[in-house]
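Undergrad: just a sequence and a predicted model for now, questions to come.
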Amino acid sequence: MKKPLARTRNNRVAALDVGSSKICCFIAELEHGRVPKVVGIGQQASRGVKSGAVVDMEAAQSAILNAVHAAEQMAGEAVESVIVNLSGGLPLSFSMAVEVSIAGHEVGDADLRRALSRGFESESVTGETSRGRQLIHSIPTSYTIDGSSGIRDPRGMFGERLGVNMHLVTAGNGPVRNLSTCIERCHLDVGGFVVSPYASGLATLAPDESELGATLIDMGGGTTSIAVFLGGNVIFTDVMPVGGLHVTNDIARGLSTPIADAERMKTLFGHAMTVAADDREYIDVPQVGEDDGGTPHQVPRSLLVGIVQPRMEEILELVRSRVETSGFDKVAGRRVVLTGGASQLPGLRDLAALILDKQVRVGRPARIRGLAEATAGPAYAASAGLIAYAMTDDHDVEAPSLEEDRVKTPEPDGLVGRLGGWFREHF
Ligand SMILES: Nc1ncnc2c1ncn2[C@@H]1O[C@H](COP(=O)(O)OP(=O)(O)OP(=O)(O)O)[C@@H](O)[C@H]1O
Ligand SMILES: [Mg+2]
């Protein structure tokens with residue numbers, strides 16, 4: 001059953017980004033016709049989350065509770081429902097095209113409903129649900145009438161056959177359930193799940209980018225996720241369990257230094273590409289297990305960069321191969337927007353441009369007000385995107401490309417019912 005995202009008395013919504021490095025809650029005020037304004041922010045170092053999935057329910061629950069509580073304190077108002085990003089459960093994205101006969105009459109809501117329900121009844125969807133996965137997104141991306149494509153709203157048009165192209169995202173029931181249980185134990189409702197890179201794209205992509213084609217890459221702590229946008233819609237998403245934390249671990253292992261020092265060295269001296277000057281610059285490396293008084297080793301910066309670069313290359317090559325395999329590489333065009341905390345590594349933009357052979361820019365949350373310097377960076381793209389997503393739930397705002405179902409529990413016969421809900425809400 002579709003659950004509308006509850007708003008507070010003051011017309012506010014809450015977004016919860018459960019990341020592998022940090023858990024972040026944004027509470028934002030939605031005013032008709034205005035850019036949303038963040039009025040409460042709470043952030044906690046993440047616990048109990050690995051590569052985007054909950055691995056320790058109690059730890060995750062207490063971190064979530066603290067983050068939401070801090071945001072509530074700042075906003076001066078309690079929230080009951082949160083919209084949450086999803087990176088765990090191996091989100092799987094697929095496209096589907098279905099056709100129904102309209103026998104020459106004018107296309108109406110009933111025909112759309114029929115076409116979409118045919119999609120939900122198709123083997124590709126029922127196969128997924130029977131494999132223990134549930135539908136997270138079901139986004140009609142475009143319609144066709146008698147083979148003419150690119151129709152955004154076919155209602156009122158005439159033809160013989162109506163087709164709909166859909167983008168569906170499913171995720172494993174277990175990880176979704178673990179995450180929703182953690183949140184519910186904090187006495188919060190899950191207003192909806194949004195697959196993480198989709199949220200990040202909503203926050204960072206310029207309208208023209210998402211219209212003409214762009215690939216969003218969110219490089220976080222434990223995951224790197226991809227979303228391809230075209231025609232104002234998300235048409236492909238993928239999540240890979242590797243990110244900035246792996247770079248930090250490589251440094252800690254490679255230089256025998258504590259994780260905290262490796263993280264500091266990465267952010268202060270790390271670079272994604274080697275330059276000649278790196279050989280002349282030396283950095284202090286405290287040794288793991290030594291007392292504070294021990295003399296740190298000195299290593300050339302090139303050694304550090306020599307650890308960072310191959311891992312970043314590996315991640316970016318993985319991104320390239322996933323996008324190529326998806327078949328959306330060409331339609332995605334040449335634009336890449338890189339975001340997420342790990343995208344701040346100096347030189348990463350150039351390395352990504354080289355490996356992906358595309359034009360790359362670093363994206364931060366746009367079209368949102370009220371963010372301080374510290375929370376306006378790329379690491380907050382997903383949180384801001386969840387708010388952007390919640391905006392599309394506002395029926396006063398025209399955002400026809402982002403309609404969708406939000407699903408909590410798999411009900412084999414519930415898909416069509418949910419579809420009915422989608423129609424009731426949007427038409
Ligand atoms: N200035 C910086 N340079 C390089 N890396 C950075 C910098 N600042 C943060 N990072 C890295 O960003 C990562 C955290 O990013 P982010 O906050 O987006 O992760 P997350 O959303 O919690 O995790 P995920 O989305 O993977 O579940 C960490 O690995 C951190 O080392
Ligand atoms: Mg993240």
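TA: Arrived safely, thanks for sending. Numbering: from 1, shown residues only. Ligands and ions are numbered 1, 2, ... in the order given.
Undergrad: C-alpha from now on. contacts and neighbour counts both.
TA: Fine.
Undergrad: so which bits of the protein are right by ligand 1?
TA: Residues of the chain lying close to ligand 1 by Cα under 6 Å from any ligand atom are 19-22, 51-52, 220-223, 243-245, 263, 267, 340-342, 344-345, 379.
Undergrad: tell me where the stretch 101-250 of the chain has helices.
TA: Along the stretch 101-250 of the chain, the stretches classed as helices by DSSP state H, counting those that start in this stretch are 109-121, 123-130, 173-185, 196-204, 207-212, 244-255.
Undergrad: pLDDT on the helix or strand that the last one is followed by, on average?
TA: Moving toward the C-terminus from helix 244-255, the next helix or strand (DSSP states H and E) is helix 259-269. Here the mean pLDDT over helix 259-269 is 96, rounded to a whole number.
Undergrad: packing partners of helix 259-269?
TA: helix 244-255, helix 301-326 (3 or more Cα pairs under 8 Å, 6 or more residues apart in numbering; DSSP states H and E).
Undergrad: most neighbours per residue, which of these?
TA: Mean neighbour count (mean count of other Cα atoms under 10 Å) peaks for helix 244-255 among those, with a mean of 20.
Undergrad: is it up against ligand 2 anywhere?
TA: No: Helix 244-255 does not reach ligand 2 (Cα under 5 Å from the ion); its nearest approach is 10.6 Å.
Undergrad: so how far is that helix from its chain's centroid?
TA: How far helix 244-255 lies from its chain's middle: 24 Å, per Cα atoms, centre = their mean, to the nearest Å.
Undergrad: what's the answer for stretch 62-80, then?
TA: Using Cα atoms, centre = their mean, the distance from the centre of stretch 62-80 to the centre of the chain it belongs to is 22 Å.
Undergrad: let me know the average pLDDT across stretch 300-313.
TA: Averaged across stretch 300-313, pLDDT comes to 96.
Undergrad: err, stretch 325-338, not the other one
TA: 95.
Undergrad: okay, buried residues for that stretch please.
TA: Within stretch 325-338, the residues scored as buried using 16 or more other Cα atoms under 10 Å are 328-329, 332-338.
Undergrad: which helix or strand in this protein has the lowest average pLDDT?
TA: Sorting the helices and strands of the chain by mean pLDDT, DSSP states H and E puts helix 414-426 at the bottom, at a mean of 42.
Undergrad: picking that back up, nearest to Arg133, out of the helices and strands packed on helix 259-269?
TA: helix 301-326 (19.9 Å; Cα to Cα).
Undergrad: got the contact list for Leu216?
TA: 197, 200-201, 205, 226-229, 336-339 (Cα atoms under 8 Å, 6 or more residues apart in numbering).
Undergrad: got it, and Ile259?
TA: 248-249, 252.
Undergrad: switch the residues you listed over to CSV; also include pLDDT.
TA: Below are the contacts of Ile259 laid out as CSV (pLDDT from 0 to 100):
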residue, pLDDT
Thr248, 98
Asn249, 98
Ala252, 97
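Undergrad: and of these, the nearest to Leu351?
TA: Of the contacts of Ile259, the one sitting nearest to Leu351 (Cα to Cα) turns out to be Thr248, at 18.1 Å.
Undergrad: contacts only, for the closest one.
TA: Here Thr248 is in contact with 259, 262-263, 266 (criterion: Cα under 8 Å, 6+ apart).
Undergrad: what about Ala78, distance to Ala382?
TA: Separation of Ala78 from Ala382 (Cα to Cα, to the nearest Å): 22 Å.
Undergrad: who has more neighbours, those two?
TA: Set Ala78 next to Ala382 and count neighbours by other Cα atoms under 10 Å: Ala382 wins out with 35 against 15.
Undergrad: give me the mean pLDDT for the host helix or strand of the more buried one.
TA: Here Ala382, judged by DSSP H and E, is contained in helix 381-391. Helix 381-391 carries an average pLDDT of 94.
Undergrad: can you name the residue of the stretch 51-200 of the chain nearest ligand 2?
TA: When scored by Cα to the ion, the stretch 51-200 of the chain has Ser196 as its residue closest to ligand 2, at 7.0 Å.
Undergrad: check contacts around that residue.
TA: By Cα under 8 Å, 6+ apart, the contact list for Ser196 reads 85-87, 225, 382.
Undergrad: of the residues you listed - the most surrounded one?
TA: Counting neighbours by other Cα under 10 Å, Ala382 leads these with 35 neighbours.
Undergrad: find the nearest non-adjacent residue to that residue, please.
TA: Nearest non-adjacent residue to Ala382, counting by Cα to Cα, 6 or more residues apart in numbering: Ser200, 4.3 Å away.
Undergrad: before we move on, what about Asn165?
TA: Ala97 (4.4 Å).
Undergrad: what does Glu317 give?
TA: Here the residue nearest Glu317, using Cα to Cα, 6+ apart, is Ile355, at 6.7 Å.
Undergrad: verify the stated contact: the one you found with Leu316.
TA: Yes: counting by Cα atoms under 8 Å, Leu316 is a contact partner of Ile355 at 6.8 Å.
Undergrad: show me the residues of the chain next to ligand 1 that map onto strands.
TA: Of those, the ones assigned to strands by DSSP state E are Lys22.
Undergrad: would you mind listing what in this structure touches ligand 2?
TA: By Cα under 5 Å from the ion, the residues of the chain that approach ligand 2 are 19, 220.
Undergrad: and the chain, what are its domains?
TA: 92-172+408-426, 207-365 (automatic domain parsing).
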